[in-house]
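Visitor: Mind folding the following:
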Amino acid sequence: MGYDKRFMKEAIRIAVENVKNGTGGPFGAVVVKGGEIIASSGNTVVPDNDPTAHAEVNAIRKACRNLDSFQLEGCEIYSSCEPCPMCLGAIYWARPKAVYYACTKEDAAEGGFDDSFIYKEIMLDGSRRFIPFVNEKEEGAGEEFELWREEKNKVKY
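Guide: So this is what the prediction gives:
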């Protein structure tokens, strides 16, 4: 379908309303399929006590439930701001056909939401990260992947 400013305006409206109502952070997202909004959400990290409750993740979860699918094939995501690294990962797993965003990660940083340290952390060896990531491969680790490879009735994603 291509970019449609009506949907971006809705994502921005949700973000603004979220701040005005005190219901979450200054972010909104809309998932569109066939020219219709199938899901939308604001950021609900604080009221949900859930660090993963970003607007994009919330909207993806709702859209997938509405579509009865774990992927957003043929969908577009409109976000009030450039997605953070976590949301970027969720978006790639959901596989929409396009993502449109209004504000940039630099705008978010100026507003107090600076994700630049996460991008830097990703590049580091796990043991050198601010939160150390230590690989402790115990006996039996990897069996799950062997079983997955052999599974005949799996749903690939």
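
Visitor: residues making contact with the longest helix seen in the chain?
Guide: As assigned by DSSP state H, the longest helix anywhere in the chain is helix 5-21. By C-beta atoms under 8 Å, 6 or more residues apart in numbering, the residues outside helix 5-21 that reach it are 23-30, 32, 37, 40-43, 55, 76, 78-81, 100, 102. Where C-beta positions appear, they are placed from N, C-alpha and C, glycine not excepted.

Visitor: Okay, and which of these map to strands?
Guide: 28-30, 32, 37, 40-42, 76, 78-81, 100, 102 (DSSP state E).

Visitor: any idea which of these has the most stuff around it?
Guide: residue 29 (33 neighbours; other C-beta atoms under 10 Å).

Visitor: gap between that one and residue 69?
Guide: When distance is defined by C-beta to C-beta, to the nearest Å, residue 29 is 18 Å away from residue 69.

Visitor: Let me know the pLDDT of the closest residue to residue 3 other than its chain neighbours.
Guide: Nearest residue to residue 3 in three dimensions, chain neighbours excluded: residue 100, at 5.5 Å (C-beta to C-beta, 6 or more residues apart in numbering). Here, the pLDDT recorded for residue 100 equals 98.
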